[in-house]
Every structure is written in C-alpha cells, then in structure tokens.
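Visitor: Predicted model and sequence below, questions to follow.
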Amino acid sequence: MDIEELLTRGISEVIVKEDLKKRMEKGEILRIKEGFDPSSADIHLGHMVGLRKLRQFQEMGHKVVLIVGDWTAQIGDPSGRSATRPVLTAEQVRANAQTYMEQFFTIVDKDKTEVKWQSEWYGNFNLSEVLKLAGKFTIAQFLQRDDFKKRYDANLPISVTEFIYPMLQAYDSVMVKADVEFGGNDQKFNLLVGRQLQEQMGQRPQNIVMTPLLVGTDGVHKMSKSLGNYIGVTESPEQIYGKVMSIPDSLIMNYFELITDVPQKDLDDMKKDLESGSVNPMTYKKDLAKNIITQLYDSAAADEGETYFKKTVQNKEIPDEIPDFDARNCANISQIMVNAGFAKSMGEARRLIQQGGVELAGEKVTDPAVSFKNGDLLKVGKRRYLKINL
RNA sequence: GGAGAGAUGGCCGAGCGGUUAAUGGCAACAGACUGUAAAUCUGUCGUACUACGUACUUCAUAGGUUCGAAUCCUAUUCUCUCCA
C-alpha cells in the first residue's frame, strides 16, 4: 500500500496532510498516539476502522503509543451524548483496560506498540499544575467545539469537567511527544487542542489522522455500545454474521471500504452491480460478513457463521446446539420464558404467545397453559431456542 | 445573592384537576412477506392475575389540598435563563 492510499482509504481527514506525507516519504519513524477511554472495555467494528489503520502504519515501520485514559475515564468523553457516566473505581478501570488491550492487540501489532497510562503523569499532578494547564485555554475556544456549542445554545448542561477532558488529552500528546494522533471524526476538536498545546509547550505540533465513524446496525447512528447498534469483535462468528446481515443494504459498500482490504477497483465493480440491481445485495452482505469474521477469527469460523445463518434464518431449521434449561420451578410456559430471559415479564410472555411467536415441540402455542414435558423444544420469536429439562 | 423557567414511560415529546396507564414520533419485540436478522405492511409495547375484565404501581423526591391530581400548594434535589 503506498502512502497516498494509506492516507486516503478509510480516512476522513488528515491535518496537515502534506506535512505528514513528507515526513513519511523521508522515512521518519513516527510516534502515533492512540488514546482510549477504559470506561467501557468492548471493542466493536467501529473501532476497527482506526485500529486497522494503525496496523497499516505499523507495517510501514511506525510506532504506536497506546494511552490508557485512566484519568479521562473518570470524566467521560463529552463528544456524543450528554449523559454523565458513572464514576468507575480504579479496579474497574484496570480490569476494563486489560480486556480492552487484549482485543486491541488482536488487530494492532503488540511488538510495535508502547503502552502508557495517564496516571504515569497525572498520578501526582497537583493543583498548581492543573491551573497552569487550564490557564492555556479560554472558554470561547471550547465553545467553538460543535458539541459544546450546540448544547450551550440549547441551554443544556455542560459540566466544567468536560472542558478538562480535551486539556488532558492534549497534554497526553505533549507527554508522549506524539508525531501523529489518531481519532474518530468526532474527536477533531480534542485532536486540534493537542496540536495547539504542543506548540505552546515548544514541541512540533502533531499531525492528525481522522477516521470516519462507522454507522451502526441501525443504519442511522454511529456505532456505539450505549446505542446498542454495535457488533463486538469478541462476539461469536454466528452473532457477527447475523448482525452484519442485519445492516441496511445501503451500508454495504461503506463497510467494505472502511473495514476490509478489498481493493478499490473491486469495490467499484460491486457498487455498479448493486446500483444496477444485477446482484442481490444479500450476496455481497454475505461476503462482507465472511470477510469480517475471517479477520477476527479465521475462514473456518466464517464458514461456520454462514452455515448457521443459512440453516436457522434462511431455511428456518433448528440449530444444532440448543441450551438446556432447568424448568423444574416453572409452572407454565410463560414462567420458563421469563426465567430464561426470553421475556421481561409474564405479561410480555403471554403477549408473545398471543402473537403466535412461541412454539413448543414444533407446535405453535396458543394456550399459555399447555403442558410440556422433559426434552421439549421451546422456540421463542425467530431464533431463540431452549430445551426443557425437568 | 435576586428574578424567572423547567424536571413526564428506554429516548424525544404532548398533556396543565376527572372519558389518562398517560396523544404522537423513535427504538424494541412479534406476525406477514422476502433468495438478507435489508426493505415494506400489520400488531404489541407499566406489573400481576381467576383476564375482551380486575387489581396494583407510575409522570424528579417527600408531604399537603380535593370526592378525585402528571395537572393546584409546600419543602427538598437537580437543570437552564436573565440580573449582580
């Protein structure tokens, strides 16, 4: 992959592109900063966009500096939603960070990565240092940030700690002497603050590489755990396959471009096929699902995912493995559904039955009081199964 | 410190003393349809039950007024605006 493609495909913006390109062409080995906030541990396909890009930089010899945001995790990233996050204990943060890194290094090369914790420099930060740092910024500057401005204009609360977040993130860049910082599109402001602070503190300002935000399975919002529209990289091949199939058809090309290595000219052909309608979108969506699973697992797992999908969704067959459920304490079918987590309440369970969404031993259940016996197969909705154990 | 506005179900947002378990939208779930868990259409969407009904618990929190309150009053907590 040449430098131009590296800086174009799957990238929304590079600041300053010419400068970065020159440095790379000169063969400089760059320190690429990637921060993460261990308030949540799960990596999903949305993160893959940037992580794959990091990997590509590593393959060209550059060094990734991963910053564990154990301090910023306590603030909560203001980008996105306004809901304040619960404060995590140090233990939780450490546990999350561990889990995160395990996932991180399935995509990024661990040997070419340096891990830094924010507490290395913030651990004994004192008030005078905080003041010195805060003194370098103005409120007007923060209100330029779209997210802040919108909330300010809409009379929505903005916590002062949210202003501190970009300051800390910027100071991180100074501490690790970052040459380049990676971030999602929505991070633009924070990334730019890093440039400014580095310059103020006598460092060469970092270049910025921004990756587009992957749209979630709902086809509308960015992929995020809190919106529930995400596909986690640790999910099972069957789950990933199914979730990929559930993205709107209009997202297929976007996913191919951002999280696969399929060459651009192939993508162009596929796009034409989709536009002309000569190929069923499902076909490409299946390819996409397999491609992603192969990256995260291997091609055998991808095949398994596909087989499972064909069986259970397309042919509506019963899956091979069905969990047993101990139903000895359950008086009726509804109770089993609630205890198994298939329904939130007895009322919901009854409704499912009324709507014809429940099958017992192959028969549609119409009477909530039907009798069941050991080994009976219970199907709820399209794809939730269990075997009754008495 | 002073003056004012506001807090409604997972989210957005109506309602301003009784046909209100609370319009509408989104999300979610089920059904139909489909070569996709896409799209589209229909339905459901506080909890429980001896169920076309009944009971209980909801409209920031705690009290109060009233035959009756999400709607009025008081206190508390939180948010926003303006003044200083």
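Guide: Received it, and whenever you're ready, just let me know what you need.
Visitor: and residue A:42, how many residues sit next to it?
Guide: Taking other Cβ atoms under 10 Å as the neighbour definition, residue A:42 ends up with a count of 15. C-beta coordinates here come from the backbone N, C-alpha and C atoms, glycine included.
Visitor: For the nearest residue to it once chain neighbours are set aside, what are phi and psi?
Guide: Nearest non-adjacent residue to residue A:42, counting by Cβ to Cβ, 6 or more residues apart in numbering: residue A:232, 5.2 Å away. Note on residue A:232: its backbone torsions stand at phi -80, psi 150 [degrees, to the nearest 10].
Visitor: RNA strand B versus residue A:232, what's the distance?
Guide: Spatial separation of residue A:232 from RNA strand B under the definition Cβ to the nearest atom of the strand, to the nearest Å is 13 Å.
Visitor: Check residue A:357 too.
Guide: 3 Å.
Visitor: Tell me who's in contact with that residue.
Guide: Residues in contact with residue A:357 (Cβ atoms under 8 Å, 6 or more residues apart in numbering) are A:380, A:381.
Visitor: Could you report the pLDDT at it?
Guide: Turning to residue A:357, the model gives it a pLDDT of 90.
Visitor: thinking again about what came up before, hmm, the residue nearest to residue A:42 is touching residue A:43, no?
Guide: Yes. Look at residue A:232 against residue A:43 with Cβ atoms under 8 Å: they come within range, at 7.1 Å.
Visitor: Can you classify the nearest residue in space to residue A:248 that is not next to it in sequence by secondary structure?
Guide: The shortest distance from residue A:248 to any residue other than its chain neighbours is 3.8 Å, reached at residue A:219 (Cβ to Cβ, 6+ apart). Each residue gets one of three states, and residue A:219 gets coil by DSSP: H, G, I helix; E, B strand; the rest coil.
Visitor: Who are the contact partners of residue A:219?
Guide: So residue A:219 contacts A:247, A:248, A:250, A:251 (Cβ under 8 Å, 6+ apart).
Visitor: The second one: neighbouring residues, count only.
Guide: Going back to what we said before, that points to residue A:248. If you count neighbours by other Cβ under 10 Å, residue A:248 ends up with 13.
Visitor: That one and RNA strand B: what is the separation?
Guide: Applying Cβ to the nearest atom of the strand to residue A:248 and RNA strand B gives a distance of 4 Å.
Visitor: Next, give phi and psi for that residue.
Guide: Listed backbone geometry of residue A:248 is phi -60, psi 150, with angles given as degrees, to the nearest 10.
Visitor: worst-scoring helix or strand of chain A, pLDDT-wise?
Guide: Of all regular secondary-structure elements in chain A, judged by mean pLDDT, DSSP states H and E, the least confident is helix A:146-153 with a mean of 84.
Visitor: list the contacts for residue A:63?
Guide: Residues in contact with residue A:63, defined by Cβ under 8 Å, 6+ apart, are A:29, A:30, A:31, A:32, A:112, A:113, A:114.
Visitor: Tell me how many other residues crowd residue A:14.
Guide: Here the count is done by other Cβ under 10 Å, and residue A:14 has 18 residues near it.
Visitor: which element is it on?
Guide: Using DSSP states H and E, residue A:14 falls within strand A:13-15.
Visitor: who does that strand pair up with?
Guide: strand A:207-211 (antiparallel) (DSSP bridges).
Visitor: got the buried residues for the next helix or strand after the partner strand?
Guide: Next in sequence after strand A:207-211, counting helices and strands by DSSP H and E, comes helix A:237-245. Of the residues in helix A:237-245, A:237, A:238, A:240, A:241, A:242, A:243, A:244, A:245 count as buried by neighbour count, 16 or more other Cβ atoms under 10 Å.
Visitor: Show me what the helix or strand that comes right after helix A:237-245 is in contact with.
Guide: Using DSSP H and E, the helix or strand that follows helix A:237-245 in sequence is helix A:252-259. Residues outside helix A:252-259 that contact it (Cβ under 8 Å, 6+ apart): A:9-10, A:45, A:48-49, A:52, A:211-212, A:214-215, A:244, A:247, A:262, A:267, A:270-271, A:274, A:281, A:284-285, A:288, A:291-292, A:295.
Visitor: which bits of the stretch 251-390 of chain A sit near RNA strand B?
Guide: Residues of the stretch 251-390 of chain A that fall close to RNA strand B, judged by Cβ under 7 Å from any atom of the strand: A:280-283, A:285, A:309, A:312-314, A:334, A:338, A:344-348, A:350-352, A:355-357, A:368, A:380-384.
Visitor: Mark which of the residues you listed are buried, thanks.
Guide: By neighbour count, with 16+ other Cβ under 10 Å, these hold A:281, A:285, A:309, A:312, A:334, A:338, A:350, A:352, A:357, A:368, A:380, A:384 as buried.
Visitor: of all these, which two lie farthest apart?
Guide: The widest separation within those, taken as Cβ to Cβ, falls between A:281 and A:368 and amounts to 39.6 Å.
Visitor: Now do the contacts for the nearest residue to residue A:383 once chain neighbours are set aside.
Guide: The shortest distance from residue A:383 to any residue other than its chain neighbours is 5.8 Å, reached at residue A:312 (Cβ to Cβ, 6+ apart). Residue A:312 makes contact with A:318, A:319, A:383 under the criterion Cβ under 8 Å, 6+ apart.
Visitor: For residue A:283, see how far away residue A:312 is.
Guide: The gap separating residue A:312 from residue A:283 is 19 Å, by Cβ to Cβ, to the nearest Å.
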